[in-house]
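J.: generate coordinates for the sequence data below:
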Amino acid sequence: MTLTVLGASGALGLEITRQALAAGHDVVAVCRRPEKVPDAPGLTRVAADVLDPDAIAKALAGAETVLCALGIAKGERPGVLAAGTAAIVAAAPERIVSVGAFGTGASAAVAGVLTRTLLGVFLRRELADKVAADTAVLRAGGTVYHAGPMTAGPVSPTRRSVPLAEVPRRLFPAGVSRATIAAAMLDATRNGPRGQLLVPLAR
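T.: Residues are numbered from 1 along each chain as shown. From the prediction side, this is the model:
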């Protein structure tokens, strides 16, 4: 497949790109700083900012499968996530897979009171942006992964993705490696449930 990765220069976007290329896919890496994405066979790097409607529309035109790894950089104003997902939905790809934060929006209820409280304090300015982005993707029939704290490390050999009803109850959400999240998102490009929110777990 040809996969378009939005936010490809971030830590998760780089991992998605690496795994996709290793699996034999062609990748269109879309980000503000494409020089941060190592060149490789099968890779096309495209410079575009989601806050530039014309540039991002051109970058996403004709995309069939889009994986959104956007995040809000330190000091950046909220709105990036909603703008990015709006651009993806407007491009009308066949498949959309996105990542969000466990404990926000639809996953807040299963995250527990302590997690919700902490996220409400530390992500207060970002919460509305995250919820708007997730909602847009789900309404468009995409798949959203709500991940716990992202860690370094390889793909978990016991990884699984579960709906909210099957998330283990914990005081704090379990960490999961970016490699495991990337693998789950790539799985979803082939057979992920449409219009659903899943939680990637290491085991």
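J.: how about the CA coordinates for the least confident helix or strand in the chain by mean pLDDT, as PDB?
T.: Ranked by mean pLDDT, DSSP states H and E, the weakest helix or strand in the chain is helix 113-122, scoring a mean of 77. Listed next in PDB are the C-alpha coordinates belonging to helix 113-122 (Å, rounded to 0.1, in the frame of the first residue of the first chain):
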ATOM      1  CA  VAL A 113     -11.000   9.400  38.600                       C
ATOM      2  CA  LEU A 114      -7.300  10.000  39.400                       C
ATOM      3  CA  THR A 115      -6.200   9.800  35.800                       C
ATOM      4  CA  ARG A 116      -9.100  12.100  34.700                       C
ATOM      5  CA  THR A 117      -8.100  14.600  37.300                       C
ATOM      6  CA  LEU A 118      -4.400  14.600  36.400                       C
ATOM      7  CA  LEU A 119      -5.200  15.000  32.700                       C
ATOM      8  CA  GLY A 120      -7.600  17.800  33.500                       C
ATOM      9  CA  VAL A 121      -4.800  19.700  35.200                       C
ATOM     10  CA  PHE A 122      -1.900  19.000  32.900                       C
END
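J.: so how far is that helix from its chain's centroid?
T.: Taking CA atoms, centre = their mean, to the nearest Å, one finds the center of helix 113-122 at 21 Å from the center of the full chain.
J.: buried residues of it, list them for me.
T.: 115-116, 119 (16 or more other CB atoms under 10 Å). (Glycine included, C-beta is placed from N, CA and C.)
J.: again, but for stretch 94-102
T.: Buried, per 16+ other CB under 10 Å, within stretch 94-102: 95-102.
J.: ok, stretch 77-91 next?
T.: Neighbour count says stretch 77-91 has 78-89, 91 buried, by 16+ other CB under 10 Å.
J.: and stretch 49-60, by the same measure?
T.: 49-50, 55-56, 59-60.
J.: follow-up on the earlier one: can you lay out the buried residues of helix 113-122 as a markdown table showing distance to Asp134?
T.: Converted to a markdown table, the buried residues of helix 113-122 look like this (distance: CB to CB, whole Å):
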| residue | distance to Asp134 |
| --- | --- |
| Thr115 | 17 |
| Arg116 | 16 |
| Leu119 | 14 |
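J.: returning to that earlier point: for the buried residues of stretch 94-102, which one is nearest Ala40?
T.: Val97 (21.0 Å; CB to CB).
J.: against Thr104, how distant is that closest one?
T.: 17 Å (CB to CB, to the nearest Å).
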